[in-house]
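# got a structure for you, letters missing:
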């Protein structure tokens, strides 16, 4: 049974560009959450998707947007990249229902030059 | 808002030593509490969890007890191994409807043979 998968594993962009990161949830999971982990810090919640809608959002600007597809996979889009967006982006999925445990993928490491 | 405070690292121990990593939290209501572990170059793995006061989570020799009176969830292991070297994150999830995980800053643990 495959766990949470993310692509790409690494990415290098320049300031002002746009980036799309992808996540496939664990089998049987319908909810996807995204987190940003800066170097040496704990992950920070960006948003959560359920039934193709954004259910909850953290304290991130509108440059960060997402999408969930009917097969429950998800994308994270970041526009107008800043140097400070360099981080490990983690996707987590959880089973149907509120209060379910979140399981994390390996992450996408984004470097903005 | 919710917050998690973790013991500052790094922590270096000899193999077979006793481990304690302190974690305290601030939250309204009755949060669920988690310990996640991150090995070098990888995403987060759930280590253990507790969903109500006085619950004890345990896994792979690690234990943590949800103490509401002291708002704490300290991680312990009786005899650490070199393979336990990793970064450990304490996290909480708020009440029903608030699905985001709030993480501490992480504690880097190194075990020397």
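Happy to help now that I have it. Small disclaimer: the values here were computed from a predicted structure and weren't measured.
# what residues does chain B put near chain A?
Within chain B, the residues that sit near chain A (C-beta under 8 Å from any C-beta of the partner chain) are B:4, B:32, B:34, B:36, B:42-46, B:49, B:51, B:89, B:91, B:93, B:96-106. Glycine gets a C-beta too; all of them are placed from N, C-alpha and C.
# would you list the buried entries among these?
Burial by neighbour count, judged by 16 or more other C-beta atoms under 10 Å in any protein chain shown, picks out B:4, B:32, B:34, B:36, B:43-44, B:46, B:49, B:89, B:91, B:93, B:98-106 from the residues of chain B next to chain A.
# what about those, which are in strands?
Per DSSP state E, strands hold the following members of those: B:4, B:32, B:34, B:36, B:44, B:46, B:49, B:89, B:91, B:93, B:101-103.
# turn those residues into a markdown table, including pLDDT.
Output for those, formatted as a markdown table (pLDDT from 0 to 100):
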| residue | pLDDT |
| --- | --- |
| B:4 | 96 |
| B:32 | 93 |
| B:34 | 96 |
| B:36 | 97 |
| B:44 | 92 |
| B:46 | 94 |
| B:49 | 95 |
| B:89 | 97 |
| B:91 | 96 |
| B:93 | 92 |
| B:101 | 93 |
| B:102 | 95 |
| B:103 | 96 |
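# so which residue of chain A comes closest to chain B?
Nearest to chain B in chain A, going by C-beta to the nearest C-beta, is residue A:42, at a distance of 3.3 Å.
# and that residue, what does it touch?
Counting by C-beta atoms under 8 Å, 6 or more residues apart in numbering or on different chains, residue A:42 touches B:4, B:89, B:91, B:103-106.
# surely residue B:102 touches residue B:3?
Yes - at 6.5 Å, residue B:102 counts as touching residue B:3 under the criterion of C-beta atoms under 8 Å.
# so who does residue A:9 touch?
For residue A:9, the contacting residues are A:106-109, by C-beta under 8 Å, 6+ apart.
# one more time with 6 Å
With contacts defined as C-beta atoms under 6 Å, 6 or more residues apart in numbering or on different chains, residue A:9 has no neighbours.
# spatially central residue in chain A, please.
Of all residues in chain A, the one closest to the mean position by C-alpha atoms, centre = their mean is residue A:34, 3.2 Å from it.
# neighbours of residue A:59, how many?
The number of residues packed near residue A:59 is 8, by other C-beta atoms under 10 Å in any protein chain shown.
# skip the chain neighbours and tell me the closest residue to the residue of chain B found nearest chain A.
Taking C-beta to the nearest C-beta, chain A has its nearest neighbour within chain B at residue B:103, 3.3 Å off. Excluding the flanking residues, the one nearest residue B:103 by C-beta to C-beta, 6 or more residues apart in numbering or on different chains is residue A:42, at 3.3 Å.
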